[in-house]
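Novice: missing the sequence, but the structure's below:
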């Protein structure tokens, strides 16, 4: 048994299961918030309500493009980690950090792009909490990515750092993926329904 | 074969009926030396600092259990105060405001601070032992969960004497709990307390899921998993899907309505009072099954051990537990029958609330069949199982009655519901829990609890519960509402209330006997060996109490009852490092050895992060900007935690060469 490996990737690793657990909890929370958004809709004739402007599309769409673009360095980091290429991981972590940090910064303007305050009406409250809750996920993962980048560039690392980088990308896919329905429902939806 | 698996991987662990390769038995000298090395390696030190930094699941779970039991006592004192106040008409012990705080704190304490933490704590202690693991999957996260829970406990019990105890009921319905009708911070205390306990619960659930799937002993395929582990697994999944609802509702919706004027529950701005009830009960109904299902698992373990035969219908019991877990999410509206929800919805939830009795019934019949066909030994633990049958079934029957909308509309918000919920909670959770204490106390402490005192405890408890809560059915049918601080003599409710209050005294006596039993037995109880009950599970392999490393070697499991199939020698795998902490990670379905994982050492950062969370969440009820401060102080703590985990001196990335690895040790 001393001959068994000590570093593994994907569903063989404990950290992957922890990440999956966290994703399930956060993903389900967002599902509940979306249900709340639709539940409150039955109290209004129009949604957004009359005299509440529609959310703007410009900054949210720019941010969506940035988030989708960040898939590329995230995927590159994961593939490099699995083939144990520390140098490639280090390099791809840089654009990954940059793009994810930009998305986080733009998130502040995305909140105001809702064109309604959180305390104006129930629609505003639901929209702000949806975007704000997802912002907290962004904050955590951007922090994780930047932290990993710093570790990779500043110190010799144990082999377990590579599965950590791979799991960080895994979590990023979720963070971006779960934003897509929120973007569609909050920013695009009112223009269609 | 799954990806990455080689034919040799399959050969590493034999099937149940395959003969084991001939191996040497490990000598006593080898075992003694190994014990010394491993015990030192897995020790988190001693003294106060060690207590703050330990990541040993046994230490963390023990303090969880003790804290949760203290909460049971606190909730019991609150109940005692209520029973004293209601024992006769127009008593003057508690005024209305104090009474509101007491019944709210009683419910909140029992549901959030006793029941769920206790059940997850029993899982955190016993799941690794039952599956043959040295620790849970995420030991530092485990510590963080406990500290968050402790913050919640302290927060509530500091607020109560400061007249800041929550007073809007344990489920804090809006608009009563909203900013207009509950100014001040009482309900904010409730909302943030819920958040702390939800964090702790979610963390424990993720730990239990990962431990159960990945850290099982080699050969313990899923169909060989002990039923208690199945129930903890099902409950952990339920926690993952139920607890976010109340965390969102309490902090992000109600808390924000109260502090930053969101409008979730304000009908004037499109908000909805029923939204709160849906969100809360979507959590609240699975919550009671989260409390009840581990009790079912404990009963199966006790029944198997003391019927001295395999449980009848293992597959049916496992499927019943899983089914109950799913169905529990489809019942929540039965708490809302007195609200204007559509009739079709009411019918649907009536049907679902009745159907859920079926899988529970299946389990009960399986246990009866096991006892009937076995040679039962009526130890105190098994007596508590008998008590469960009597009490819980009573509560289950009144539950099916309440499932009917027509009946519920008559008794909603009366003491009939109080009777039902206490019968199912005390009968379905506390009674099995006491049984489990008698069953597993020898393993945790190395000493047996007194059977004589145990039998006094049992009879006083069962009689006390029934004397206290049976009259409440009649009080409810006679119209006595819940949550009233007193009543008039003319209502005629006095005599039944007096009987109920007398019953409460008997319950107090029962718990006192239990506490005496624990204190005496802890020091002077009969010494338990590894396996005092001659039971079959892996937890009885290790010493009582278990050493720091719990299992010297991973045991090779060849059936569902490892200790009943071999009484002399136990097959184990050798090769885990004695230079650094290692656990064996196995595959998810069949538990074949997969890799060695470097387990973490002691750390202060979980406690530090819990303190930062306390600043964040508690501070936020006084000023929203405290969220920013809380995040600011959390960031360096998270960095330090990551740095510590990145400092591991692991070295190799080798692939496995050949190697026979099965050794034998004395059982």
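Specialist: Looks like it arrived, so ask away. Treat the numbers as computed from the prediction; the structure is a model and nothing was measured.
Novice: Contacts only, for residue A:119.
Specialist: A:125, B:260, B:261, B:262, B:263 (CB atoms under 8 Å, 6 or more residues apart in numbering or on different chains). In short, each C-beta sits where N, CA and C put it, glycine included.
Novice: try residue B:297
Specialist: B:226, B:227, B:228, B:229, B:230, B:231, B:232, B:321.
Novice: With distance to residue B:156 and neighbour count added, can I get the residues you listed in a markdown table?
Specialist: Formatted as a markdown table, these follow (distance: CB to CB, whole Å; neighbours: other CB atoms under 10 Å in any protein chain shown):
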| residue | distance to residue B:156 | neighbour count |
| --- | --- | --- |
| B:226 | 34 | 25 |
| B:227 | 34 | 24 |
| B:228 | 30 | 26 |
| B:229 | 31 | 25 |
| B:230 | 33 | 23 |
| B:231 | 28 | 28 |
| B:232 | 26 | 27 |
| B:321 | 32 | 25 |
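Novice: Of these, just say which sits nearest to residue B:536.
Specialist: Sorting those by how near they are to residue B:536, with CB to CB, puts residue B:226 at the top with 8.9 Å.
Novice: follow-up on the earlier one: just the buried subset of the contacts of residue A:119, please.
Specialist: A:125, B:262, B:263 (16 or more other CB atoms under 10 Å in any protein chain shown).
Novice: what about the longest helix in chain A?
Specialist: In chain A, assigned by DSSP state H, the helix with the most residues is helix A:122-154.
Novice: what mean pLDDT does that helix have?
Specialist: For helix A:122-154, mean pLDDT rounds to 95.
Novice: Now it: buried residues?
Specialist: Within helix A:122-154, the residues that count as buried by 16+ other CB under 10 Å are A:122-131, A:133-135, A:137-138, A:141-149, A:151-152.
Novice: Can you read off the pLDDT for the residue in chain A positioned nearest to chain B?
Specialist: Closest residue of chain A to chain B, CB to the nearest CB: residue A:1 (3.0 Å). We have a pLDDT of 70 for residue A:1.
Novice: now residue B:649
Specialist: 51.
Novice: if we can go back for a sec, now the contacts of residue B:297 as JSON lines including distance to chain A and pLDDT?
Specialist: JSON lines is the format used below for the contacts of residue B:297 (distance: CB to the nearest CB, whole Å; pLDDT from 0 to 100):
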{"residue": "B:226", "distance to chain A": "20", "pLDDT": "97"}
{"residue": "B:227", "distance to chain A": "22", "pLDDT": "97"}
{"residue": "B:228", "distance to chain A": "21", "pLDDT": "98"}
{"residue": "B:229", "distance to chain A": "16", "pLDDT": "98"}
{"residue": "B:230", "distance to chain A": "18", "pLDDT": "98"}
{"residue": "B:231", "distance to chain A": "18", "pLDDT": "98"}
{"residue": "B:232", "distance to chain A": "15", "pLDDT": "98"}
{"residue": "B:321", "distance to chain A": "20", "pLDDT": "97"}
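Novice: Could you list which of the residues you listed belong to helices?
Specialist: Within the contacts of residue B:297, residues falling in helices by DSSP H are B:227, B:228, B:229, B:230, B:231, B:232, B:321.
Novice: tell me the contacts of the fifth one?
Specialist: With contacts taken as CB under 8 Å, 6+ apart, residue B:231 has the following neighbours: B:293, B:294, B:296, B:297, B:321.
Novice: Among the residues you listed, which ones are in helices?
Specialist: Of the contacts of residue B:231, the ones assigned to helices by DSSP H are B:293, B:294, B:296, B:297, B:321.
Novice: Just flag the most distant two among these.
Specialist: Greatest spatial distance among the ones in helices among the contacts of residue B:231 (CB to CB): B:294 and B:321, at 9.9 Å.
Novice: Got the confidence number for the residue lying closest to the residue of chain A closest to chain B once chain neighbours are set aside?
Specialist: Once flanking residues are discounted, residue A:1 sits nearest to residue B:575: 3.0 Å by CB to CB, 6 or more residues apart in numbering or on different chains. pLDDT recorded at residue B:575 is 84.
Novice: Burial check on residue B:575, number of neighbours?
Specialist: Burial of residue B:575 is recorded as 17 neighbouring residues (other CB atoms under 10 Å in any protein chain shown).
Novice: Phi first, then psi, for it.
Specialist: phi 120, psi -10 (degrees, to the nearest 10).
Novice: Distance-wise, check it relative to residue B:218.
Specialist: Using CB to CB, to the nearest Å, residue B:575 is found at 12 Å from residue B:218.
Novice: swap in residue A:19?
Specialist: Computed as CB to CB, the residue A:19 to residue B:218 distance reads 25 Å.
Novice: neighbour-wise, which of these two wins?
Specialist: Using other CB under 10 Å, the more surrounded residue of residue A:19 and residue B:218 is residue B:218, with 28 against 19.
Novice: For chain B, give me the ranges with low pLDDT.
Specialist: Low-confidence segments of chain B (pLDDT under 70): B:1-24, B:567-568, B:648-667.
Novice: residue closest to the middle of it?
Specialist: Centre of chain B computed as the mean C-alpha position; nearest residue by CA atoms, centre = their mean is residue B:119, 1.3 Å away.
Novice: That one touches residue B:288, doesn't it?
Specialist: No - shown here, residue B:119 and residue B:288 do not form a contact pair, counting by CB atoms under 8 Å, at 11.2 Å.
Novice: rewinding a little: for the residue nearest to the centre of chain B, give me its contacts.
Specialist: Applying CB under 8 Å, 6+ apart to residue B:119 gives the contacts B:232, B:235, B:290, B:291, B:294, B:295, B:429, B:433.
Novice: What ranges does chain A have for its helices?
Specialist: Going by DSSP H, chain A shows helices at A:14-41, A:58-69, A:71-82, A:86-112, A:122-154, A:161-183, A:189-192.
Novice: Next one: the residue nearest to residue A:1 from residue B:417, what distance?
Specialist: As judged by CB to CB, residue B:575 and residue B:417 stand 57 Å apart.
Novice: Closest one of the contacts of residue A:119 to residue B:246?
Specialist: Within these, the smallest distance to residue B:246 is 17.1 Å, found for residue B:262 (CB to CB).
Novice: how far away is that closest one from residue B:251?
Specialist: Separation of residue B:262 from residue B:251 (CB to CB) stands at 11 Å.
Novice: again with residue A:119
Specialist: Taking CB to CB, one finds residue A:119 at 17 Å from residue B:251.
Novice: same check, this time on residue B:359
Specialist: According to CB to CB, residue B:359 and residue B:251 sit 33 Å apart.
Novice: for residue B:103, same thing?
Specialist: If you measure residue B:103 against residue B:251 using CB to CB, the figure is 23 Å.
Novice: More neighbours: the two, which one.
Specialist: Neighbour totals were compared for residue B:103 and residue B:251, and residue B:103 leads with 23 against 20 (other CB under 10 Å).
Novice: how about residue A:152, what does it touch?
Specialist: A:86, A:89, A:90, A:93, A:161, A:165.
Novice: With residue B:346 instead?
Specialist: For residue B:346, the contacting residues are B:333, B:337, B:405, by CB under 8 Å, 6+ apart.
Novice: how about TSV for those, with neighbour count and distance to chain A added?
Specialist: As requested, the contacts of residue B:346 are arranged in TSV below (neighbours: other CB atoms under 10 Å in any protein chain shown; distance: CB to the nearest CB, whole Å):
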residue	neighbour count	distance to chain A
B:333	22	13
B:337	21	19
B:405	18	22
